[in-house]
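# my questions are about this predicted structure, shown below with the sequence.
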There are 6 protein chains.
Amino acid sequence: MNGFACKSSTTANDFAFSGLHNPGNTGNPFGSAITPVTVAQIPALNTLGISMVRIDYAPWGVVVPHYHPRATEIITVIEGSLEVGFVTSNPDNRLISKTLQKGDVFVFPVGLVHYQRNIGNMNAVTISGLNSQNPGVITIGNAVFDSKPDISTDILAKAFQVNKNIVQQIKGKF
Amino acid sequence: MNGFACKSSTTANDFAFSGLHNPGNTGNPFGSAITPVTVAQIPALNTLGISMVRIDYAPWGVVVPHYHPRATEIITVIEGSLEVGFVTSNPDNRLISKTLQKGDVFVFPVGLVHYQRNIGNMNAVTISGLNSQNPGVITIGNAVFDSKPDISTDILAKAFQVNKNIVQQIKGKF
Amino acid sequence: MNGFACKSSTTANDFAFSGLHNPGNTGNPFGSAITPVTVAQIPALNTLGISMVRIDYAPWGVVVPHYHPRATEIITVIEGSLEVGFVTSNPDNRLISKTLQKGDVFVFPVGLVHYQRNIGNMNAVTISGLNSQNPGVITIGNAVFDSKPDISTDILAKAFQVNKNIVQQIKGKF
Amino acid sequence: MNGFACKSSTTANDFAFSGLHNPGNTGNPFGSAITPVTVAQIPALNTLGISMVRIDYAPWGVVVPHYHPRATEIITVIEGSLEVGFVTSNPDNRLISKTLQKGDVFVFPVGLVHYQRNIGNMNAVTISGLNSQNPGVITIGNAVFDSKPDISTDILAKAFQVNKNIVQQIKGKF
Amino acid sequence: MNGFACKSSTTANDFAFSGLHNPGNTGNPFGSAITPVTVAQIPALNTLGISMVRIDYAPWGVVVPHYHPRATEIITVIEGSLEVGFVTSNPDNRLISKTLQKGDVFVFPVGLVHYQRNIGNMNAVTISGLNSQNPGVITIGNAVFDSKPDISTDILAKAFQVNKNIVQQIKGKF
Amino acid sequence: MNGFACKSSTTANDFAFSGLHNPGNTGNPFGSAITPVTVAQIPALNTLGISMVRIDYAPWGVVVPHYHPRATEIITVIEGSLEVGFVTSNPDNRLISKTLQKGDVFVFPVGLVHYQRNIGNMNAVTISGLNSQNPGVITIGNAVFDSKPDISTDILAKAFQVNKNIVQQIKGKF
């Protein structure tokens, strides 16, 4: 696709991945598990501009606020009920959120912060398509409070308008 | 996204669609049903470059050879077993095909002819992501034998290297 | 063009090709001959996004239905008279066709199935520009009935709504 | 640039903006002021893919962590000394930071969280170029703790691994 | 192609142009005539990214140095012999030139200054493809010495390192 | 950014450049000096699509007519007063020019010929952003009168509608 044809020794397995029906392990503080199918899992996706992801949510499990710098995400609920939302750019910072039931579809536009939360007492499952073979993920909490090395406490204190003790406390949790 | 910010009166419903859990009606000659979620169903997808589709397959149902001029498709099997395949460009015309089980994922590169077939005695269901809000569909049989008006019989006779009676016969079926 | 300048040892011959005035050999079942000038003939075309092709048509010769997954084609008639046409996407499948005389220009939009046919008793010649250095060609007949390995006869029987004998017969001709 | 030429009644003023030499007002909690020159200030920038911004920093003033969903930023220090940094994607979350003096240039890649801080007792000034006429700004603090309406406290408590009181406290500051 | 399908009332004439076999009038100081087929002649070319041009050259006629800001050009000689050339970027400014005979093909990369000259005593004809529906033309002489209003004589005197009389003399010829 | 993540051994220095506060040496026939910060100075700019340039102008110094084949330029005056202008495409060749003072911002659209001239008795300084990591520069005088090898004198005589002596004289100055 880069000007010359792909090599002809490609086989069907180069275009395939197995196991997306298997639930991920949600036994973690967030109660969620992400199973990506990107160019890291299917090398033939390179240059093709698409990927897929399955997410499992324990009851009340959350995919915490994050964004994809290179992809819009379209998500559908396979099982359970979710609250989802994304926040628009400055200066509005509007939260566009919705409760989704099984069979509902929603869109997270490229580059915007979004989250998902299981709002029921049963497990939930979603399948998403993303329009990049390598969409990237920036998780807000990790980028801001858990970088290596970390961002200066006084910068974060100004950013969140709290005193430094609280910033230190949050950093300590990661 | 086209240079200026989107209007702020957008609501969550502009980004949503319901009903993708409902089986489509496979009572047709092909034994398959397609439920698209593109810019036609979610207007906010415009410029966002992604769409989703659910396909239902009756036992031995087929999605006949077709291609998407503007999208690569990534597909996963939710229920059942399928044979899928795509054909590479001239001069190789290699068929890259595979049997998929529940949880398997496969990729149909942009612009290449592909098909899916239920190879079991139970219904099958797939969910796909496509990297265009309006991927387009060219179904080979319809484009070639059922255009309005139709392509001259003698051109098609040359194309498929058969006599004109057979071309007429195929045209008559559409 | 990929970020850094091209190497300075490039010579004029890297940008050149000779022989496009020579008629191709139309002694084949289709009565047509294609002489491409793509990145395979002029390596310096890489990343430049353009190519050219000459086509010769014996009397009543045909370029059978095909499409270019990565290019729009603009064609002009140098000698003779041609019928040309392309078919729009689902669900319309409209045939947009026209008879072209010497000096006429026509456009085949990217990804759409099109064909050309000499409608006179003399040879015809066309020159086309295509907006990719590697436009790709998918010939419908070959992709569907002559892939290696071949697509199952019963899938094609469903696709063209004919019985399997006819599919077998068409496959046998390729 | 969108296919047809721009209208010929354009004048030089459509391509111009005045006042970028004027210091912005840094009398705010962050001690910084941003003067953008985007398509909102110069309408002729539309489709041209570039913009510029001046930033003033009071002593120890900060531009808090934020990102541009549609632009890479190249920044140079006109006056003063700054600490700048950006954080890479998951899973590394590396902080790439540097102290910049007058005449230093630095790059913030598209979509990554970054910040700037005046580390001296005098005012500082920077000029940046961004490769979009409408780069967009997502300020982490505002997107996460000050959206309208706000994101549920328990989602944020999970995201930052703190108790709900602290989330409430941060929300209250915005 | 902009997200939604084109309107279905399009007819074949919207994709066609006639008359490219007619010689242009070369009775001008340059001895050349350009017949473009761009989006101005075929409106349906909009968004399709391709155009075509015929050029006629009287004996020793010239297409003077110019460039296309939005297109690479691939050119073939239909009749006659031409000298063609393009100049690479700073700092090399290499002239890549070649004598072309009937049937030769050459490439002028996007944005580079190029020219063509008939080097025989008979008329010459070329056909080119360009990868934009609106490639644009900047003729060096006109842009520099014949703009409205004109560029200050002393700027041009510095640019060409000649005295102002010569600049005035050149301006007077346009 | 090309599909896979950048290597994690990148350091801050890979994203930095020093010295843009230093005046360039304007002791040359043009009275101007250009200090670029492109991918040649900051390798990490590769694929990021942005660069920056400082230009110094002696009193009445000129940046002679040139264009960037791959970038729009946004320029701001840090010190002094400048006349700037660009010329639109054929057939209009309109000169869009303006006198800029300190703090003024102006835009040179991609691919159009432009120039800058110090119109005061003091030094002037500008900073520009360009939306390519490798914008390229084509200086009209050098491309046309100083290529290696040079363009035939009679072609240039036709291009500028002067006799060959003048062309020879200009060539001799470069």
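Nice, I can see it. Because the structure is a prediction, the values reported are computed rather than measured.
# per-residue confidence at A:N134?
Model confidence at A:N134, given as pLDDT, is 97.
# oh sorry, the question was meant for A:F4
On the pLDDT scale, A:F4 is placed at 47.
# so where do the strands sit in chain A?
Taking DSSP state E, the strands of chain A run over residues A:16-17, A:32-37, A:51-57, A:62-67, A:73-79, A:82-87, A:95-100, A:105-108, A:114-118, A:124-130, A:138-139.
# and those as CSV, adding mean neighbour count, distance to chain B and mean pLDDT?
The C-beta positions use only the backbone N, C-alpha and C, and glycine is treated the same way. Listed next are the strands of chain A as CSV, based on neighbours: other Cβ atoms under 10 Å in any protein chain shown; distance: least, Cβ to the nearest Cβ, whole Å; pLDDT from 0 to 100:
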stretch, mean neighbour count, distance to chain B, mean pLDDT
strand A:16-17, 20, 4, 98
strand A:32-37, 20, 5, 98
strand A:51-57, 25, 5, 98
strand A:62-67, 24, 14, 98
strand A:73-79, 23, 5, 98
strand A:82-87, 24, 8, 98
strand A:95-100, 20, 4, 97
strand A:105-108, 25, 4, 98
strand A:114-118, 26, 11, 98
strand A:124-130, 25, 2, 98
strand A:138-139, 22, 19, 97
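# to E:V105, which of those lies closest?
With respect to E:V105, and counting by Cβ to Cβ, the nearest of those is strand A:51-57 at 39.9 Å.
# next, the spatially closest residue to A:K102 that is not a sequence neighbour: phi, psi?
Leaving aside its sequence neighbours, A:K102 sits nearest to B:H21 (Cβ to Cβ, 6 or more residues apart in numbering or on different chains; 4.8 Å). Per-residue torsions, B:H21: phi -80, psi -10 (degrees, to the nearest 10).
# surely B:H21 and A:V105 touch.
No. With contact defined as Cβ atoms under 8 Å, B:H21 does not reach A:V105; the gap is 10.1 Å.
# nearest residue to A:I96 in space, please, no chain neighbours.
Closest to A:I96 by Cβ to Cβ, 6+ apart is B:A12, at 4.9 Å.
# picking that back up, could you dump the strands of chain A to a markdown table with distance to C:A143?
Shown next, in a markdown table, are the strands of chain A (distance: least, Cβ to Cβ, whole Å):
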| stretch | distance to C:A143 |
| --- | --- |
| strand A:16-17 | 21 |
| strand A:32-37 | 27 |
| strand A:51-57 | 26 |
| strand A:62-67 | 40 |
| strand A:73-79 | 29 |
| strand A:82-87 | 40 |
| strand A:95-100 | 39 |
| strand A:105-108 | 32 |
| strand A:114-118 | 40 |
| strand A:124-130 | 26 |
| strand A:138-139 | 41 |
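# so which of those gets nearest C:I50?
With Cβ to Cβ, the closest approach to C:I50 among those belongs to strand A:51-57: 31.0 Å.
# quick one: average confidence on the longest helix seen in chain A?
Across chain A, the longest stretch assigned as helix under DSSP state H is helix A:164-173. Mean pLDDT, helix A:164-173: 93.
# can you check stretch A:145-155 too?
Mean predicted lDDT for stretch A:145-155 stands at 96.
# and that stretch, is it in reach of chain F?
No. If you take Cβ under 8 Å from any Cβ of the partner chain as the test, stretch A:145-155 misses chain F, and the best it gets is 10.3 Å.
# for that stretch, what is the distance to the chain centroid?
22 Å (Cα atoms, centre = their mean, to the nearest Å).
# any residue of that stretch touching chain D?
Yes. Among the residues of stretch A:145-155, A:F145, A:D146, A:S147, A:K148, A:P149, A:D150, A:I151, A:S152, A:I155 lie within reach of chain D under Cβ under 8 Å from any Cβ.
# just curious, which of those residues is nearest to C:P109?
Checking those against C:P109 by Cβ to Cβ gives A:S147 as the nearest, at 48.1 Å.
# how does chain A divide up, domain by domain?
A:15-136, A:139-174 (automatic domain parsing).
# and the first one, end to end?
Okay, so that is domain A:15-136. Terminal residues of domain A:15-136 lie 20 Å apart, using Cα to Cα, to the nearest Å.
# then the shortest one?
When the termini of domain A:139-174 are compared using Cα to Cα, they are 12 Å apart.
# buried ones in that domain?
A:139-147, A:150-153, A:155-162, A:166-167, A:169-171 (16 or more other Cβ atoms under 10 Å in any protein chain shown).
# A:F174 is in contact with A:N142, correct?
Yes. In this structure A:N142 lies within contact range of A:F174 using Cβ under 8 Å: 6.8 Å.
# once you drop chain neighbours, what's closest to A:Y115?
Using Cβ to Cβ, 6+ apart, the closest residue to A:Y115 is A:P65 (4.7 Å).
# same question but for A:G19, I mixed them up
Excluding the flanking residues, the one nearest A:G19 by Cβ to Cβ, 6+ apart is B:G103, at 5.3 Å.
# what pLDDT does that neighbour get?
The predicted local confidence for B:G103 is 98.
# how close does it sit to chain E?
Using Cβ to the nearest Cβ, to the nearest Å, B:G103 is found at 33 Å from chain E.
# hang on, that residue packs against B:E79?
No. Contact between B:G103 and B:E79 fails when scored by Cβ under 8 Å: they sit 10.2 Å apart.
# about what we covered before: so who does the residue nearest to A:I96 touch?
The neighbourhood of B:A12, defined by Cβ atoms under 8 Å, 6 or more residues apart in numbering or on different chains, consists of A:G85, A:I96, A:S97, A:K98, A:F106.
# and if we set it to 7 Å?
A:I96, A:S97, A:K98 (Cβ atoms under 7 Å, 6 or more residues apart in numbering or on different chains).
# which positions are bridged to the second one in the beta structure?
Residues found in beta-bridge contact with A:S97 (criterion: DSSP bridges) are A:G85.
# so it sits against A:V87, correct?
No. A:S97 lies out of contact with A:V87 (Cβ atoms under 7 Å); the separation is 9.2 Å.
# pretty sure A:P59 contacts A:I119?
No. Using Cβ under 7 Å, A:P59 makes no contact with A:I119, being 9.0 Å away.
# that older thread, between the contacts of B:A12, which is closest to F:A40?
Of all the contacts of B:A12, F:A40 sits closest to A:I96, with 43.3 Å by Cβ to Cβ.
# I figured that closest one hits A:F86, correct?
Yes. If you go by Cβ under 7 Å, A:I96 and A:F86 touch, sitting 5.6 Å apart.
# how about the nearest residue to A:T26, chain neighbours excluded?
That would be A:A58: by Cβ to Cβ, 6+ apart, it lies 3.9 Å from A:T26.
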